[in-house]
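J.: My questions concern the predicted model and sequence given below.
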Amino acid sequence: MLIKSNLVKNNTGENTSKKVILFIHRYPLDLVISTAPQTKMLLKTLSKKYYIYYISFSSRKNRSSSELKFSNLENIKIPISLSRGEPLFFLKSILFPLLLMPFLIKLKMSQQNIVLTHCDDALPYYYYTVKKILNTKITYRMGDYMIGYLVDPDKSLLHRILHNILYSTQRRMLSKLDLIIVISNELYKYLIKSGISSVNISVVPESIDIEIIKHLNLLNKNNRYLMQLRNKLGLTKKDLILVFHGSMVPWKNLDVILKAFSLVIKEKPSSKLLIIGYGPLFNQIRKLSINLRLKNYVIFTGWLPYRETLEYVMISDIGVVARKKILANQFILTTALLQYLALGKPALAPDLLAIKELYKNFNLEKLLIYNPNDPHDLATKIIKIIDNLNHVKKIIQSYVRPYIISKFSSEVIAMLESDILLEILNSDNIIDKILY
């Protein structure tokens, strides 16, 4: 790795330096825009005034989107590739903080004028180590409650004790940061209840790639193009398509979705289930589909490029969000749900706090919220939506879609996040808080 020196000389011959923002994320830039599409505009906004180092794993394809190459942005790549759904994804994620340390030390020794380090990743704890090494202002985007995924406190007494120990440590570290950015009101409430000052927390929700969404909503009127996409999957015009897309991980109730679908096809035999994604549960879920005699009804695509994934969502009729009812999932308003709704698709989602809060705005919780532990409840609601599909689509497209696009577009969220970070940067009275 080569770190360029930004040291320059002023008219008096003294050494000065550009102000640097360190942006840390596991995902390389060409991958991060599919999980946090506001990042592209956020980086462009910040780079107008600051020089940015973006530190991440390398892209498997060893390339970044040309749209993300602009002045005052430099990629520092850990020479190990990372892609979602790969077999070693979780191991590499766990090792990320350790692999990051040599790069931080080298940055420290190169005497860069780092004015802010933004840890844009849900991994716990490592942000504190970053602060100890660099001694800069630290902001942390808490993209989910990862400790709750690692140890579910509701599973057993032992799990609860271990969770409380882990979270107690995390809470002390979080309280020493300059700002925590959380992705939902529910996560905000949880942190406040645990004793973290509200002054240190801002809510910035997930976003949707508004450029792609608008383009696909226009393409949705092109019947010839829609049929071409269906034909690629071996689907006919008469097939009714349900779709799930995302990581296939243990905290998602994909087994419940398959069991529910096995009940749906008994009444709606023209239905098909499209599963886009990959992960540790891929083989298990595929085997379950065979055991449930769904081989001719379920299509597994594996991982697809971001845009292609959304194209297949576009030709689908109903989206299904997969999440188990555990503590960590209560705080997530999933990107997949926002994408389904932004594309005008009715989306069934599990009974979880952040998701339910969204649907309550439109009095849709009874229609579109299902019990994540009950295949019969989900099957009943899928069938009801199929029977009233045109009516439900009209509600989504007339009321919910405009709301989602206006509130969660990548442009809106990027502006919100950049304003918050710039406020931190321009604040002279924030005292660095170090945990000894």
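T.: It's in.
J.: could you measure Asn291 against Lys252, distance?
T.: In this view, Asn291 and Lys252 are 19 Å apart by Cβ to Cβ, to the nearest Å. Glycine gets a C-beta too; all of them are placed from N, C-alpha and C.
J.: neighbour count winner among those two?
T.: A count of neighbours by other Cβ atoms under 10 Å puts Lys252 above the other of Asn291 and Lys252, at 24 against 10.
J.: Could you measure from the more buried one over to Ser156?
T.: Counting by Cβ to Cβ, the gap from Lys252 to Ser156 is 21 Å.
J.: ok, now Lys193?
T.: Applying Cβ to Cβ, the value for Lys193 to Ser156 is 23 Å.
J.: between these two, who's got more neighbours?
T.: For Lys193 and Ser156, the more surrounded residue by other Cβ under 10 Å is Ser156, and the numbers stand at 11 against 8.
J.: Mind listing what's buried along the biggest helix by length in the chain?
T.: Of all segments of type helix in the chain, defined using DSSP state H, the longest is helix 89-109. Within helix 89-109, the residues scored as buried using 16 or more other Cβ atoms under 10 Å are 89, 92-93, 96-97, 100, 103-104, 107.
J.: could you say what helices and strands that helix packs with?
T.: Contact partners of helix 89-109 among helices and strands, from 3 or more Cβ pairs under 8 Å, 6 or more residues apart in numbering; DSSP states H and E: strand 51-58, strand 73-81, helix 126-134.
J.: Provide the strand pairings for the shortest one, with the direction of each partner.
T.: The reference is to strand 51-58. Applying DSSP bridges, strand 51-58 is found paired with strand 19-24 (parallel), strand 73-81 (parallel).
J.: Nearest to Lys266, out of the ones you listed?
T.: strand 73-81 (44.1 Å; Cβ to Cβ).
J.: where does that closest one sit relative to the chain's centre, distance-wise?
T.: 20 Å (Cα atoms, centre = their mean, to the nearest Å).
J.: and what of stretch 198-213?
T.: Distance of stretch 198-213 from its chain centroid, counting by Cα atoms, centre = their mean, is 10 Å.
J.: How far does it stretch from one end to the other?
T.: Start-to-end span of stretch 198-213 (Cα to Cα, to the nearest Å) is 34 Å.
J.: any idea how this structure splits into domains?
T.: The chain is divided into the following domains under automatic domain parsing: 17-207+410-426, 210-408.
J.: any chance of these in a markdown table, plus mean pLDDT?
T.: Output for the domains of the chain, formatted as a markdown table (pLDDT from 0 to 100):
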| stretch | mean pLDDT |
| --- | --- |
| domain 17-207+410-426 | 89 |
| domain 210-408 | 94 |
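J.: got a list of what the residue nearest to Ile382 when sequence neighbours are not counted touches?
T.: Nearest residue to Ile382, sequence neighbours excluded (Cβ to Cβ, 6 or more residues apart in numbering): Val264, at 5.1 Å. When contacts are counted by Cβ atoms under 8 Å, 6 or more residues apart in numbering, Val264 touches 242, 271, 379, 382-383, 386.
J.: for His376, same thing?
T.: Contacts for His376 (Cβ under 8 Å, 6+ apart) come out as 260, 263.
J.: That one and Thr139: what is the separation?
T.: On the measure of Cβ to Cβ, His376 and Thr139 end up 45 Å apart.
J.: go on, Phe70?
T.: Taken as Cβ to Cβ, the span from Phe70 to Thr139 is 22 Å.
J.: When these two are compared, which one has more neighbours?
T.: A direct count of neighbours by other Cβ under 10 Å for Phe70 and Thr139 places Thr139 higher, at 24 against 13.
J.: And the residue lying closest to that one once chain neighbours are set aside, its phi and psi?
T.: Leaving aside its chain neighbours, Thr139 sits nearest to Leu179 (4.4 Å; criterion: Cβ to Cβ, 6+ apart). Geometry field for Leu179 lists phi and psi as phi -160, psi 140, criterion degrees, to the nearest 10.
J.: so what's Phe57 closest to, chain neighbours aside?
T.: In space, Phe57 is closest to Leu82, 3.6 Å off (Cβ to Cβ, 6+ apart).
J.: check contacts around that neighbour.
T.: 26-28, 31, 56-60, 89, 92-93.
J.: And the residues you listed, which is closest to Arg224?
T.: Among the contacts of Leu82, and counting by Cβ to Cβ, the member closest to Arg224 is Leu31, at 31.7 Å.
J.: what helix or strand is the closest one on?
T.: helix 29-35 (DSSP states H and E).
J.: What are the buried residues along that helix?
T.: Within helix 29-35, the residues that qualify as buried are 29-35, counting by 16+ other Cβ under 10 Å.
J.: and it, how far from the chain's centre?
T.: Worked out by Cα atoms, centre = their mean, helix 29-35 lies 10 Å from the chain centre.
J.: list the helices and strands that helix packs on?
T.: Packing partners of helix 29-35 (3+ Cβ pairs under 8 Å, 6+ apart): helix 38-47, strand 51-58.
J.: These: which one's closest to Leu219?
T.: Of these, the one closest to Leu219 (Cβ to Cβ) turns out to be helix 38-47, at 21.5 Å.
J.: Measure how that closest one sits relative to strand 51-58, angle-wise.
T.: Per axes from the mean of the first three to the mean of the last three Cα atoms, to 10 degrees, the angle that helix 38-47 makes with strand 51-58 is 150 degrees.
J.: Can I get helix 38-47 in PDB, CA atoms only?
T.: What follows is helix 38-47 as a C-alpha-only set of coordinates in PDB (Å, rounded to 0.1, in the frame of the first residue of the first chain):
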ATOM      1  CA  GLN A  38     -26.100   7.300  -0.500                       C
ATOM      2  CA  THR A  39     -22.300   6.700   0.000                       C
ATOM      3  CA  LYS A  40     -21.400   7.800  -3.500                       C
ATOM      4  CA  MET A  41     -23.000  11.300  -3.100                       C
ATOM      5  CA  LEU A  42     -21.800  11.600   0.500                       C
ATOM      6  CA  LEU A  43     -18.200  11.100  -0.600                       C
ATOM      7  CA  LYS A  44     -18.500  13.500  -3.500                       C
ATOM      8  CA  THR A  45     -20.000  16.200  -1.100                       C
ATOM      9  CA  LEU A  46     -17.300  15.700   1.500                       C
ATOM     10  CA  SER A  47     -14.500  15.600  -1.100                       C
END
